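A.B. asks: Got a predicted structure plus its sequence, pasted below:
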Amino acid sequence: MLSRTAENLYWLARYVERAEYLARTIDATLRVTALPAAYIGKTNEWDSALLTAGVAASFYQKYEEANEHNVVDYLSFSVDNPSSIRNCIEAARLNSRSVRTALTSEMWDTINSAWIELQEVWSKGTSTREDLAKFLRFVQETSLRFDGSAYRTMLRNDAYWFSRLGLHLERADNTARILDVKYHVLLPEEEHVGGPLDFYQWSSILRSVSALTAYHWVYRETLKPWLVADLLILNGTLPRSLASCYDNLVRNLDQIGVAYGRQGPAQRHARGIRNRLEHSNMNDIFQHGVHEFIQEFITDNSRLGEIITKQYLI
Amino acid sequence: MAVAFDEMNIPGGDLRPAYQELARWLKETPPEALEYRRQEAELLFRRIGITFAVYGEAESTERLIPFDVIPRIMSGKEWTLLEKGLKQRVRALNMFLRDIYHGRDILRAEIVPDDLIFQNPVFRPEMNGQQVPHDVYVHIAGIDIVRVDAEDFIVLEDNARTPSGVSYMLENREIMMRLFPDLFARHRVAPVERYPDELLSALRSVAPLSASSEPTVALLTPGVYNSAYYEHSFLADKLGIELVEGRDLIVKNNEVFMRTTEGLKRVDVIYRRVDDDFLDPLTFRPDSVLGVPGLMSAYAAGNITLANAVGTGIADDKAIYSYMPDIVKFYLGEEPILKNVPTWRCREPKDLAYVLDNLSELVVKEVHGSGGYGMLIGPAATKATIEAFREKLKREPEGFIAQPTLALSTCPTCTASGLAPRHVDLRPFVLTGSKSTTIVPGGLTRVALKEGSLVVNSSQGGGTKDTWILDE
């Protein structure tokens, strides 16, 4: 297929995934900040939300301080923030238009209808909490519908595989970022372990990657920080864990490699990361330092993005 | 202006035969039901994303072309005549182009004046003596047809460069079949859906000799901001070919390749929807970022077919238009089946004098204009507009032609105050491959939605209708 088409499909999936992740992050932050102050401690949750979205630097060029009002606006509707939900949706639609021939009509319809629907939100904004909640739900549903349409209607060929690459690379990045910002509350040697404060922090992390219920199914335990970390990093059954993202990345890259009759640096690099995750356990990771481990992962992950781009997309 | 010929109603109360069933159906259908389906149609168009861009409008860069749900109907007999006329016309256009860029018999015979060719900016000296694969220049032609009475079809304009609108012909039919199955059940409407298939086989049939037996065809678009982008992506999808932009293509050793995820892949036929000027920055406009450097040398080497060929603008130029009846006779030795609108060439002093004396009666068009821009419709214009135009005309008479204001035929159309007659034209699409010329029965009917208006262009408030050819 055309390199440009593959590139558009890859980015289209990334934008949709990012929009969903932002919506989840805002949703989870709203929940935590709605708790009485005694439960959430002194950390500014809105500041964390900016950090997990990776836009803190540009935000503070515009605003003095992070609060619900300006962070929700910046992450959802701001035209100046290149990764706001609004810009993600706009970019997704533009990408879809450029690759309409490679999309199924169901996928196009999902993006185009959402885009039409959201034009009104862009112009009017969300004046009440209820409006905001509705908007955040709509964004998540759009992502689910898009993903579902792709899964159910796309031919299983390179177009599908490249869109999956975008999805899983973005997903891995998002999960890693949230771990990176919150790693300190996961450290077992911290004080107040098991206190009410941490409980809400942990449940908030899980909620933002839609894994709260999954946690209970997997561990049948109360929330424990190292298990939360284990779930998000190493558990291959959780779709948003780093391990699971890399299982998928390796599989999709292999399928491309087989179809094209040749492997390359992208396949090797992805396999390297997957193997490292496979052979790690939480003890080693805590020994090595969660922060360092995550930092390294984020660098490796974006390196994979560059390699894929060089090998296939330009 | 005389009362226009209505394609449904005969003065005195009778109906033309092709419309009888529709009239019965309209009588049985309550206006609310019609209105409901009209809204449904609009919703469908927006959701499918059948939009176009209007240049020069900052806000609302994507608009819908209004769709009128009342079909325009023609009998099979009418179509047979029209089809014959169209094939004749396009054959002549191709022969004319072949001649202009080779032997120039028609100039020697003094049928068409030399300077109209050689001083024309759309004449491409690069094409002199160049062999185009299978001698086909105009693979896809859109011939704009109007009627003023029940007998004749008149050509308003030949479009031999990159005619657009065929996606509307196809989508209008899809939507009509979805919304009005009952109406289709009561008619035998000739299908249009094989157009993409015929287009693909026409394009494959003209592949260059150096192509493999399974030639690769691609559609070249200026990109997502082009007004007809929807159509480009729609056609690429229906044909199952890659939709490429200039930056996706590269020329190596006079062969054209596209950049794919598996490396470079040779392209043999380009259905290009990019104008000549922008095709190759090394040959034409150096500032073009839409084109492919070196494309013209691959073309000259015979390794790529461009559809339509470069330089076809010289055949659909409005100044050449008035010579078309003579061109048909010269190459085919036949009487033209389709009529021409009588045309005054302002470059000729006698004609100019007449035009200046009768501006308020005439339609004056720029020779190189299109899309309904820059023209004067005398009967509808204010005195001041006419005077301003008079000055323009005197300054540069060779830039204009003039025609009588035609009472274009009308068809019943939904309006705010119920069904009312509105003026229409028709653009059928004529495909020419190496072996044959084919036309899908139908075309794009454009309708001027404003009462009394004669301008059907979508950029100026025109709408579209589904066009039915009855299979009798």
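C.D. replies: That came in fine, so what should we check first? Numbers count the residues shown, from 1 in each chain, chains lettered A, B, ... in the order given.
A.B. asks: ok, A:N95 - how many residues close by?
C.D. replies: 23 (other CB atoms under 10 Å in any protein chain shown). From N, CA and C alone the C-beta is placed, and that goes for glycine too.
A.B. asks: Hmm, I typed the wrong one, I wanted A:R152.
C.D. replies: Count around A:R152 with other CB under 10 Å applied: 10.
A.B. asks: A:A150 now?
C.D. replies: 23.
A.B. asks: again, but for B:N253
C.D. replies: B:N253, neighbours per other CB under 10 Å, totals 9.
A.B. asks: Report the separation between it and chain A.
C.D. replies: 21 Å (CB to the nearest CB, to the nearest Å).
A.B. asks: Contact partners for that residue?
C.D. replies: For B:N253, no contacting residues are found, by CB atoms under 8 Å, 6 or more residues apart in numbering or on different chains.
A.B. asks: Now with 10 Å, please.
C.D. replies: B:294, B:298, B:301, B:303 (CB atoms under 10 Å, 6 or more residues apart in numbering or on different chains).
A.B. asks: again, but for B:S288
C.D. replies: B:222, B:246, B:274-275, B:277-282.
A.B. asks: one step back: from the contacts of B:N253, list just the buried residues.
C.D. replies: Burial by neighbour count, judged by 16 or more other CB atoms under 10 Å in any protein chain shown, picks out B:294, B:298, B:303 from the contacts of B:N253.
A.B. asks: Name the nearest of those relative to B:G165.
C.D. replies: Of all the buried ones among the contacts of B:N253, B:G165 sits closest to B:A298, with 29.3 Å by CB to CB.
A.B. asks: Which of the three states applies to the closest one?
C.D. replies: helix (DSSP: H, G, I helix; E, B strand; the rest coil).
A.B. asks: Verify the contact between A:H216 and A:T222 for me.
C.D. replies: Yes: using CB atoms under 10 Å as the test, A:H216 is close enough to A:T222 to be in contact (9.0 Å).
A.B. asks: Chain A contacts on the stretch 251-400 of chain B?
C.D. replies: B:258-263, B:265 (CB under 10 Å from any CB of the partner chain).
A.B. asks: Report the buried members of those residues.
C.D. replies: If we count by 16+ other CB under 10 Å, those have these buried: B:258-261, B:265.
A.B. asks: Those in helices, which ones?
C.D. replies: Judged by DSSP state H, helices contain none of those.
A.B. asks: ok, which pair from those residues is furthest apart?
C.D. replies: That would be B:M258 and B:T261, which, of those, are the farthest apart (CB to CB) at 10.8 Å.
A.B. asks: Touching both of those two, which residues are there?
C.D. replies: With CB under 10 Å, 6+ apart as the test, B:M258 and B:T261 both reach A:1-4.
A.B. asks: Take the contacts of B:S288 and lay them out in CSV including neighbour count.
C.D. replies: What follows is the contacts of B:S288, written out as CSV (neighbours: other CB atoms under 10 Å in any protein chain shown):
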residue, neighbour count
B:P222, 22
B:G246, 23
B:V274, 24
B:D275, 18
B:D277, 16
B:F278, 19
B:L279, 24
B:D280, 25
B:P281, 19
B:L282, 15
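A.B. asks: and which of the residues you listed is nearest to chain A?
C.D. replies: B:G246 (10.9 Å; CB to the nearest CB).
A.B. asks: Is it correct that that closest one is in contact with B:R259?
C.D. replies: No: in this structure B:G246 lies outside contact range of B:R259 using CB under 10 Å: 11.4 Å.
A.B. asks: follow-up on the earlier one: go back to the shared contacts of B:M258 and B:T261 and keep what's next to chain B.
C.D. replies: Near chain B, by the rule CB under 10 Å from any CB, you find A:1-4 out of the shared contacts of B:M258 and B:T261.
A.B. asks: Now do the helices in the stretch 101-250 of chain A.
C.D. replies: A:105-124, A:129-153, A:158-186, A:196-208, A:212-219, A:225-233, A:242-260 (DSSP state H, counting those that start in this stretch).
A.B. asks: what's the burial count for the closest residue to B:L209 other than its chain neighbours?
C.D. replies: Distances taken as CB to CB, 6 or more residues apart in numbering or on different chains place B:G302 nearest to B:L209, at 7.0 Å, with adjacent residues excluded. Neighbour count for B:G302, taken as other CB under 10 Å: 15.
A.B. asks: before we move on, what about B:F5?
C.D. replies: Neighbours of B:F5 (other CB under 10 Å): 19.
A.B. asks: Read off the pLDDT value for it.
C.D. replies: Note on B:F5: pLDDT of 95.
A.B. asks: Now do it against chain A, distance only.
C.D. replies: For B:F5 relative to chain A (CB to the nearest CB), the value is 40 Å.
A.B. asks: so who does that residue touch?
C.D. replies: B:F5 neighbours (CB under 10 Å, 6+ apart): B:11, B:16, B:147-151, B:407-410, B:421.
A.B. asks: Name the nearest residue to it, ignoring sequence neighbours.
C.D. replies: B:S409 (4.6 Å).
A.B. asks: okay, and the helix or strand of the chain with the least pLDDT?
C.D. replies: Because you didn't say which chain, this covers chain A. helix A:37-40 (a mean of 68; mean pLDDT, DSSP states H and E).
A.B. asks: Hmm, no, I was thinking of chain B.
C.D. replies: Min over SSEs of chain B, mean pLDDT, DSSP H and E: strand B:51-52 (a mean of 70).
A.B. asks: Which SSE is immediately downstream of it?
C.D. replies: Sequence-wise, the next helix or strand downstream of strand B:51-52 (DSSP states H and E) is strand B:63-64.
A.B. asks: rewinding a little: now do the helix or strand that the least confident helix or strand of chain A is followed by: which elements does it pack against?
C.D. replies: Per DSSP H and E, the first helix or strand lying C-terminal to helix A:37-40 is helix A:45-53. The contact analysis (3 or more CB pairs under 10 Å, 6 or more residues apart in numbering or on different chains; DSSP states H and E) places helix A:45-53 against helix A:3-33, helix A:56-62, helix A:68-76, helix A:158-186, helix A:196-208.
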